[in-house]
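*Asks:* everything below, folded, please.
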Amino acid sequence: MTLLNRRALLGGAIAMGGALSLRVPDAGAAAPFRNSLPPAWHRFRLGEYEATIVSDGRLPLGQPEPAFPASPPAELRGLLEAAFLPPDTATLEQNILVLNTGRQLILFDTGMGESMGADSKMFGPTTGQLLANMRAAGIEPEQIDLVVLTHAHNDHCWGLTTAAGQRVFPNAQVAVSEADLKYWTDDGNKRGPAFMNVFIEGAKKNLSAYRDRLVMVRDGQEVAPGVVAIATPGHTVGHHCYAITSGNQVMVNTGDLAHHHILLLKRPAWEFSYDTDSKLSAQIRSRMLDRLATDRHPVLSYHFPWPGLGHVARAGKGYDWVPVPMNMSSLG
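*Replies:* Presented below is the predicted three-dimensional model:
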């Protein structure tokens with residue numbers, strides 16, 4: 001057979017294959033959309049400790065301008081668009097740390113939970129996923145020895161109890177700052193923004209269920225071996241970050257030091273509407289971000305993109321968020 005004939009034969013076979021492919025019968029209806037996400041948890045080593053980040057679900061803020069009321073709208077939208085984010089909505093994550101030190105199982109914050117009924121869904125139906133995702137990660141609420149609160153806002157402490165007021169973590173102590181405990185259980189603070197009433201009612205319900213198991217957090221002191229509190233007031237009167245040290249590894253759990261990985265890192269002086277003292281919060285945020293960039297320690301941020309692990313790097317007058325690759329099994 002000549003080369004020409006072989007080519008002609010090959011061409012004919014391809015043409016026949018194409019023709020045959022056109023006559024394949026319909027395979028039937030397409031697979032249905034699942035409309036659900038897989039369980040969200042991420043595990044890694046921090047020195048000798050084992051850390052697991054568990055999601056409480058996404059927390060949509062809606063239009064970003066009301067959440068950042070003093071920010072120039074055009075600049076705000078420009079920053080979002082430059083980061084390939086929608087300019088007309090802001091969505092936060094809720095990244096909750098479970099730390100296994102070998103002696104204790106420590107939970108940092110509890111998410112929105114279901115303790116306040118319909119109010120627990122004030123930011124939409126995607127929150128309140130902590131317990132399901134914990135169980136998917138092999139962790140039961142009865143195993144938690146200590147709950148450490150960065151502060152007493154709804155998306156951090158409302159998961160302490162059930163709707164009936166029962167303890168979700170029956171064997172746990174709860175560490176919280178005395179300043180936040182007093183402020184968020186005081187009916188006299190039901191003033192100002194409309195959300196204050198339900199925030200205080202929710203804190204009262206959830207914290208009072210552990211009144212005989214409360215541990216007071218103090219700046220610069222350990223709440224557990226290797227876990228040191230760092231006072232960062234402003235977002236709330238008693239907000240704290242936590243430096244976690246094991247071996248030669250340090251990670252800082254920053255809680256709500258900065259809510260948005262673009263807006264409040266590029267513009268750390270911008271105010272956030274849910275801050276108790278927005279000007280103080282901006283000052284503390286700027287100071288702490290400078291410290292984190294200098295020390296180069298990895299950071300866990302509660303509201304940054306899942307799973308909230310990364311580094312803060314200086315960038316002009318602000319900072320960049322540099323995520324840690326998800327395939328890293330250890331921060332060391």
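
*Asks:* okay, buried residues for stretch 36-45 please.
*Replies:* Using 16 or more other CB atoms under 10 Å as the test for burial, stretch 36-45 gives Ala40, Trp41, His42, Phe44, Arg45. Where you see a C-beta, it was placed from the backbone N, CA and C, and this is true even at glycine.

*Asks:* of the residues you listed, which belong to helices?
*Replies:* The subset of the buried residues of stretch 36-45 located in helices under the criterion DSSP state H is empty.

*Asks:* any idea which of those residues is least confident?
*Replies:* When the buried residues of stretch 36-45 are sorted by pLDDT, the bottom entry is Ala40 at 93.

*Asks:* and that residue, how far from Ala293?
*Replies:* For Ala40, the distance to Ala293 (CB to CB, to the nearest Å) stands at 28 Å.

*Asks:* buried ones in stretch 63-75?
*Replies:* Across stretch 63-75, burial judged by 16+ other CB under 10 Å covers Pro64, Glu65, Ala67, Phe68, Ser71.

*Asks:* nearest to Asp212, of those residues?
*Replies:* Taking CB to CB as the measure, Asp212 sits nearest to Ala67 out of the buried residues of stretch 63-75, at 36.7 Å.

*Asks:* what about His153, distance to Leu85?
*Replies:* 24 Å.

*Asks:* who's more crowded, these two?
*Replies:* Taking other CB atoms under 10 Å, His153 and Leu85 do not tie; His153 has more neighbours (24 against 19).

*Asks:* any idea of the pLDDT on that one?
*Replies:* According to the per-residue confidence, His153 scores 98 in pLDDT.

*Asks:* tell me the contacts of it?
*Replies:* Trp184, Phe199, His235, Thr236, Asp256, Tyr274 (CB atoms under 8 Å, 6 or more residues apart in numbering).

*Asks:* again, but for Gln283
*Replies:* With CB under 8 Å, 6+ apart, Gln283 has these contacts: Gly234.

*Asks:* nearest spatial neighbour of Val57, chain-adjacent residues omitted?
*Replies:* For residue 57 the amino acid is Gly, not Val. Nearest residue to Gly57 in three dimensions, chain neighbours excluded: Gln129, at 3.9 Å (CB to CB, 6 or more residues apart in numbering).

*Asks:* near that neighbour, how many other residues are there?
*Replies:* A count of nearby residues for Gln129, using other CB under 10 Å, gives 21.

*Asks:* that one and Glu201, how far apart?
*Replies:* Gln129 is 23 Å from Glu201, by CB to CB.

*Asks:* just Leu79 next, same as before
*Replies:* Separation of Leu79 from Glu201 (CB to CB) stands at 35 Å.

*Asks:* more neighbours: which of those two?
*Replies:* Leu79 (21 against 17).

*Asks:* does that one count as helix, strand or coil?
*Replies:* helix (DSSP: H, G, I helix; E, B strand; the rest coil).
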